[in-house]
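> Sequence below, structure please.
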Amino acid sequence: MEATEQEKQLDYAKKNTSLPEALDLARIEAFQMEVSERGGAG
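Purely as a prediction, here's the structure:
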């Protein structure tokens with residue numbers, strides 16, 4: 001079975017993307033508030 005283009009892209013992203021060990025919840029919350037104030041939610 002041949003991998004689709006999307007599967008190839010996801011595999012590449014998995015191998016070449018790094019995520020932090022722990023989330024910075026304060027920064028996430030500040031970002032969510034900023035987006036909400038701009039009317040970007042919904």
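> Give me the residue ranges of the protein where confidence is low.
Low-confidence segments of the chain (pLDDT under 70): 1, 40-42.
> do you know how far residue 22 is from residue 10?
24 Å (Cβ to Cβ, to the nearest Å). (Glycine included, C-beta is placed from N, CA and C.)
> Which element, helix or strand, includes residue 20?
Counting by DSSP states H and E, no helix or strand carries residue 20.
> Next one: it relative to residue 4, how far apart?
Using Cβ to Cβ, we find residue 20 at a distance of 30 Å from residue 4.
> Comparing these two, which shows the higher neighbour count?
Neighbour tally, residue 20 and residue 4, criterion other Cβ atoms under 10 Å: the higher count belongs to residue 4, 9 against 6.
> Can you give the distance from the helix or strand that residue 9 is a member of to the centre of its chain?
Using DSSP H and E, residue 9 sits within helix 5-16. Computed by Cα atoms, centre = their mean, to the nearest Å, the chain-centroid distance of helix 5-16 equals 14 Å.
> Of all residues in this structure, which one is nearest the centre?
The centroid of the chain falls nearest to residue 19 when counting by Cα atoms, centre = their mean (9.3 Å).
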